[in-house]
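S.K.: need a 3D model of the sequence below.
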Amino acid sequence: MTPPPPPVRYGSRYGVATPQTSRACPLCAATLPSPRARYCSEACKQRAYRLRQAARTHPDPTALTRDLQRLRTLKAHTLYECPTCGERYLGVQRCPDCQHFCRALGLGGACPHCDELLLITDVLD
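M.R.: Below is the predicted model:
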């Protein structure tokens, strides 16, 4: 009978991953080549980067609405439309011409090229 190996206080920095510490790639669920690796290949690493960048450039409208509510600036970024004349207003809830309350269409803003008021959902689609 052979004695058990002595216990190791700190595992090797570059050692082989044991089944307890082995993880999977977050994108394709393949096994990682080393215990310190985050992705299984350069392709998965590049894909993860591109997904992170796409999430930054195309924000989620519901998350944006939550953030604007938290900052108390939701009304200023909401696009309203008058039910009688059909005119759109940014941050104005009452039509100055008809004196009717407008209905909220959603988050929006002015186009930088033509100053037309557009919804964020129209731009993202």
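
S.K.: how about the strands in this structure?
M.R.: 78-81, 88-90, 103-110, 117-119 (DSSP state E).

S.K.: so which of the ones you listed is the most surrounded?
M.R.: Ranked by mean neighbour count, these are led by strand 78-81 with a mean of 20 (mean count of other Cβ atoms under 10 Å). Backbone N, C-alpha and C define where each C-beta goes, glycine included.

S.K.: strand partners of it, parallel vs antiparallel please.
M.R.: strand 88-90 (antiparallel), strand 103-110 (antiparallel) (DSSP bridges).

S.K.: distance from the chain centre to that strand, please.
M.R.: Counting by Cα atoms, centre = their mean, to the nearest Å, strand 78-81 is centred 24 Å from the centre of its parent chain.

S.K.: quick revisit: and the strands paired with strand 78-81: which comes nearest R66?
M.R.: strand 103-110 (11.2 Å; Cβ to Cβ).
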